[in-house]
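Asks: got a predicted model here, sequence first, then my questions.
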Amino acid sequence: APLVERLKTGLLTQPTLFADETPLKVVKSDKVNSYMWVYCSGRDSPEPNHPPPNIVLYDFHNSRAAACVVNYLDGYQGYLHVDGYLVYEKTQATLVGCWAHARRKFIDAKKLQGKNKTGKADVVLSLIQKLYGVESRVKDKSADDKYTTRQAVSVPILDKLKAWLEQNQPNL
């Protein structure tokens, strides 16, 4: 318990956290699903020059209620990178979205287009792929270089995506 508390204290001092919850089947439980809430900081691999610590903590609950995340993050006000599940909005964190989760919805839409057909989903997937390309190019750069590149390259892509979505929203 002391180690977990120390890691949690360190985790909650990070400027950016990632969170997700996943259902679990628990043997001899009255609940159909329980949930493992996962909170982490850092990167999947070591980062040169002042890396944020890689901390991954699990918080088990028999519920997917907002109280689980609100109580765990208790006042955390940094960035929280999540999948869009509404309970995260109950925290004090600044929420940031996940392109992988957004992209998944357009992949689902592309499947509905039929094989070998091109449609609206392809436009969005192409723009998201360009954003992924930018991230791939800057992954080993400093935070300042990432920021500069994202402002110069990613913002115009995002502006194009936003304009396309707004223009086509009535037909989607």
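Replies: Now that the structure is in, tell me what you want to look at. Only a predicted model underlies this, so the values are computations on that prediction, with no experimental measurement involved.

Asks: the helices in this structure, which residues?
Replies: 2-11, 66-73, 99-113, 120-138, 143-149, 155-168 (DSSP state H).

Asks: contact partners of the fourth one?
Replies: Going back to what we said before, that points to helix 120-138. Identification of contacts with helix 120-138 by CB atoms under 8 Å, 6 or more residues apart in numbering yields 99, 102-103, 106-107, 109-110, 113, 145-146, 149-150, 153-154, 157-158, 160-161, 164-165, 168, 171-172. No exception for glycine: its C-beta is placed from N, CA and C like everyone else's.

Asks: and the residue of the chain most remote from its centre, how far is that from residue 34?
Replies: Most distant residue from the mean C-alpha position of the chain: residue 28, 32.4 Å away (CA atoms, centre = their mean). For residue 28, the distance to residue 34 (CB to CB, to the nearest Å) stands at 12 Å.

Asks: again with residue 138
Replies: Applying CB to CB, the value for residue 138 to residue 34 is 39 Å.

Asks: run a quick neighbour tally on residue 92.
Replies: For residue 92, the neighbour count with other CB atoms under 10 Å is 12.

Asks: distance of it relative to residue 22?
Replies: For residue 92, the distance to residue 22 equals 23 Å [CB to CB].

Asks: same deal with residue 142?
Replies: 33 Å.

Asks: okay, residue 156: pLDDT?
Replies: With respect to pLDDT, residue 156 scores 97.

Asks: please begin residue numbering at 38 from this point
Replies: I'll keep to 38 as the first residue from here, and by that count the last item is residue 193.

Asks: what is the burial count for it?
Replies: Residue 193: 11 surrounding residues under other CB under 10 Å.

Asks: what's the answer for residue 113, then?
Replies: By the criterion of other CB under 10 Å, residue 113 has 21 neighbours.

Asks: OK, contacts around it?
Replies: So residue 113 contacts 49, 54, 128-130 (CB under 8 Å, 6+ apart).

Asks: which among these end up buried?
Replies: Buried subset of these (neighbour count, 16 or more other CB atoms under 10 Å): 49, 54, 128, 130.

Asks: for residue 202, give me its contacts.
Replies: 161, 209.

Asks: likewise residue 208?
Replies: Contacts of residue 208 (CB under 8 Å, 6+ apart): residue 157.

Asks: could you list the domains of this protein?
Replies: Segmentation of the chain into domains, based on automatic domain parsing, reads 39-133, 136-208.

Asks: just the pLDDT at residue 83, thanks.
Replies: For residue 83, the pLDDT comes out at 61.
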